[in-house]
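A.B. asks: Give me a 3D structure for the following:
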Amino acid sequence: MPKTYNNFKLKKDLTRYYNSLKNLKKYNIGNKVVCDIGEYFAKEVLGIRLHSNKSNPYADGLDKEGKNVQIKTRYVLKDGSKAAVFRPFNKKKLRNIDYALLIRLDKNFWLDEIWKVERKTLKKYLEYNKSNSFALTSGKRNMKGVSQLY
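C.D. replies: Numbering: from 1, shown residues only. Reported below is the predicted structural model:
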């Protein structure tokens, strides 16, 4: 597991951003930036080299071994519980990735957890459940092909 990532200035800025975002929600301004924050942490903590949208529409980046990675990010829910469902996954495009990173942020958009789910495990789960989402519940954390990286 990588060492703890610390960037206190960024943490302070993200907390400030979170407070601003709460105020902006009344204007229907959403949180799509959550994806960008997740990709930032994937790059900084795991060394993922991010693709531009045009270079690979199916994967978000490459890991240090040259494997294609899809990154999905969620943050804690309004009630304070951890978001467990990561979506959407396009089943037909899964053949273009080697694995997915599931990144969970805390209520201030700070890195909480990073999970790796192998393509084979993800594909099997999505087909079995006839779904486009992967629920990272306590039981699935022990599945073959699922591992915590942070």
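A.B. asks: Every contact and neighbour count from this point should use C-alpha atoms.
C.D. replies: OK.
A.B. asks: Give the buried residues for the lowest-mean-pLDDT helix or strand in the chain.
C.D. replies: One helix or strand of the chain scores below all others by mean pLDDT, DSSP states H and E: helix 8-24, with a mean of 84. Under the neighbour-count criterion of 16 or more other C-alpha atoms under 10 Å, helix 8-24 has 14-15, 18 buried.
A.B. asks: quick one: what helix or strand has residue 100 in it?
C.D. replies: Element membership for residue 100, per DSSP states H and E: strand 99-105.
A.B. asks: Show me what that strand is packed up against.
C.D. replies: helix 33-46, strand 68-75, strand 111-118 (3 or more C-alpha pairs under 8 Å, 6 or more residues apart in numbering; DSSP states H and E).
A.B. asks: neighbours around residue 66, how many?
C.D. replies: Other residues lying near residue 66 total 11 when counted by other C-alpha atoms under 10 Å.
A.B. asks: How about the secondary structure of it?
C.D. replies: coil (DSSP: H, G, I helix; E, B strand; the rest coil).
A.B. asks: So for it, what pLDDT did the model give?
C.D. replies: Model confidence at residue 66, given as pLDDT, is 96.
A.B. asks: Out of the helices and strands packed on strand 99-105, flag the one nearest residue 89.
C.D. replies: Closest of the helices and strands packed on strand 99-105 to residue 89 is strand 68-75, at 8.9 Å (criterion: C-alpha to C-alpha).
A.B. asks: Tell me the helices and strands packed up against that closest one.
C.D. replies: Checking 3+ C-alpha pairs under 8 Å, 6+ apart, strand 68-75 ends up next to helix 33-46, strand 61-62, strand 85-86, strand 99-105.
A.B. asks: Could you identify which of these is most buried?
C.D. replies: strand 99-105 (a mean of 24; mean count of other C-alpha atoms under 10 Å).
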